[in-house]
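Q: sequence first, then the predicted structure, then my questions.
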Amino acid sequence: MTDLIVIGSGPAGLAGAIAAAGTGLRVTVVDEFIRPGGRLLGQLHQEPSGEWWNGIKEAEKLQHEAHALGINIRCGVSVYNIETAEAGWKVYTNEGVLEAPFVLIATGAAEYPIPVPGWTLPGVMSIGAAQVMTNVHRVQAGRKGIIIGANILAFAILNELQLAGIKVDRVVLPEKNAVSRQAGEPEAVIRSLLNAAHLAPSALLRFGSRLMKNETIRNIGTRFYPKNGLKINGTPLQLRKAAVEIIGTEQVEGVRTVDIDAYGHVIPGTDRLYEADFVCIAGGLYPLAELAAVAGCPFEYIPELGGHVPRHSETMATPLPGLFVAGNITGIESGKVAMAQGTAAGLSIAKQAGKQAAASGRQLEQAIEHVRTIRQQVAIQFHPDIELGRSQMNEQWKAHEGTSVQPGEKIG
């Protein structure tokens, strides 16, 4: 018997399981990967304070704490359906059906694919796959690579590849089209990257980035951005070049690029081929929320959170009784925010379950406040207007608070 089923053993799922189990709830965690940790397993970076964030070590700490509390963690288990049952919820997996009064969905995020001709060649991968190969499996992605796509996630992983001694020859943009959209516009890319300007590796870049926050200066800077790019720890960021094709016969051999103007329009006659034996495509992240949709949870479209997200409160409850969410399924943020949300979700579930340790609500209030504090302190925000997105979700929740929702029912 179990009181709570947690789907996803990433930072949000494990933290939620630990918080709930700490109040006496019986908790089962399922995850399709071979080991717990989720996105934490690939993270390795230096914080502005100088301290190193080692995701594998953080995942191990959470796993040890979970085992000490008797949490049943089952890896290699895929969930394909979730529905209401007499006792709460049924969760359908490849190893059978699980039932519990409460479910916490903490499935995280997935990467946007940006199709580029030749992207099915061996040696082409998402930027996240390169991170996992490098930091989790200790496998070198290749000898010389090119990243297509310039966003905060791409540069965080670029640094990790560089730390591992992997040569990334250059970073270029995808060709502007209906799928890549603003990811193929130099001016829009610069505007988005300015939110992480304080993390630039040199004082010159940090100073220039501060100047570029002025719209007039930014427009001038974009038009006159060097064709050879600016180097990020030795790797040129070429915002005025776009990848139009990945070249190769049996595997990646190079990338064909063209020059583009400030708005992503191709400049004819500027084709050039750069050699590479691996390519990483960086399209950004979106909430992996399919299971919440299958369960019948209502959604809100909030671009500031990364797209469509299940409607939820600050206690991480959804309008469906017994169903909770936490982590990147609620909006794209850092692993630290995900853990704080997971803790809030676990305590919220314990309170609803009538556990005395959480019944007063004081612990839950502190956990919610901790989420806000961590959000303000994190070095990187994947979406600069995250606070606006969270405010919009809170308003939507309050507008429908008290509304009874049945699975599959569409409201508001």
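A: Sure thing, it's come through.
Q: now do the contacts for the residue lying closest to residue 40 once chain neighbours are set aside.
A: Closest residue to residue 40 apart from its sequence neighbours, by Cβ to Cβ, 6 or more residues apart in numbering: residue 55 at 3.9 Å. Where C-beta positions appear, they are placed from N, C-alpha and C, glycine not excepted. Contact partners of residue 55, counting by Cβ atoms under 8 Å, 6 or more residues apart in numbering, are 37, 39-44, 135, 335.
Q: let's see it at 6 Å
A: For residue 55, the contact set (Cβ atoms under 6 Å, 6 or more residues apart in numbering) comprises 40-41, 43.
Q: and if you look at residue 372?
A: If a contact means Cβ under 6 Å, 6+ apart, then residue 372 has no contacts.
Q: one more pass at 10 Å, please.
A: Residues in contact with residue 372 (Cβ atoms under 10 Å, 6 or more residues apart in numbering) are 314, 337, 340, 387, 390.
Q: can you check residue 279 too?
A: Contact analysis of residue 279 by Cβ under 10 Å, 6+ apart lists 116, 118-119, 121, 123-125, 127, 130, 141-142, 145-148, 243, 246-248, 252, 254-255.
Q: on the three-state scheme, it is what?
A: What DSSP: H, G, I helix; E, B strand; the rest coil gives for residue 279 is strand.
Q: from residue 381, how far out is it?
A: 27 Å (Cβ to Cβ, to the nearest Å).
Q: on that earlier part again, JSON lines please, covering the contacts of residue 55 and showing neighbour count and secondary structure.
A: Conversion of the contacts of residue 55 to JSON lines gives the following (neighbours: other Cβ atoms under 10 Å; DSSP: H, G, I helix; E, B strand; the rest coil):
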{"residue": "40", "neighbour count": "25", "secondary structure": "helix"}
{"residue": "41", "neighbour count": "21", "secondary structure": "helix"}
{"residue": "43", "neighbour count": "24", "secondary structure": "coil"}
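Q: out of those residues, who's nearest residue 328?
A: Relative to residue 328, the closest of the contacts of residue 55 is residue 40; by Cβ to Cβ it sits at 11.9 Å.
Q: list the residues that contact that closest one.
A: Residue 40 sits next to 9-11, 14, 53-62, 136, 335, 338-339 when contact means Cβ under 10 Å, 6+ apart.
Q: pLDDT below threshold where in the chain?
A: Applying pLDDT under 70 to the chain picks out residues 195-224, 356-360, 402-412.
Q: can you give me the helices for it?
A: Assigned by DSSP state H, the helices in the chain fall at 11-21, 55-68, 127-135, 152-163, 186-193, 203-212, 215-223, 290-295, 335-352, 356-359, 362-377, 386-400.
Q: quick one: closest of these to residue 263.
A: helix 186-193 (6.4 Å).
Q: what is the closest one packed up against?
A: helix 152-163, strand 167-174, helix 203-212, helix 215-223, strand 235-248 (3 or more Cβ pairs under 10 Å, 6 or more residues apart in numbering; DSSP states H and E).
Q: cutoff 8 Å now
A: helix 152-163, helix 215-223, strand 235-248 (3 or more Cβ pairs under 8 Å, 6 or more residues apart in numbering; DSSP states H and E).
Q: okay, the angle between the last one and helix 186-193?
A: Right, the one you point to is strand 235-248. For strand 235-248 against helix 186-193, the angle by axes from the mean of the first three to the mean of the last three Cα atoms, to 10 degrees is 120 degrees.
Q: who are the contact partners of residue 368?
A: Residues counted as contacts of residue 368 (Cβ under 8 Å, 6+ apart) are 314-315, 344.
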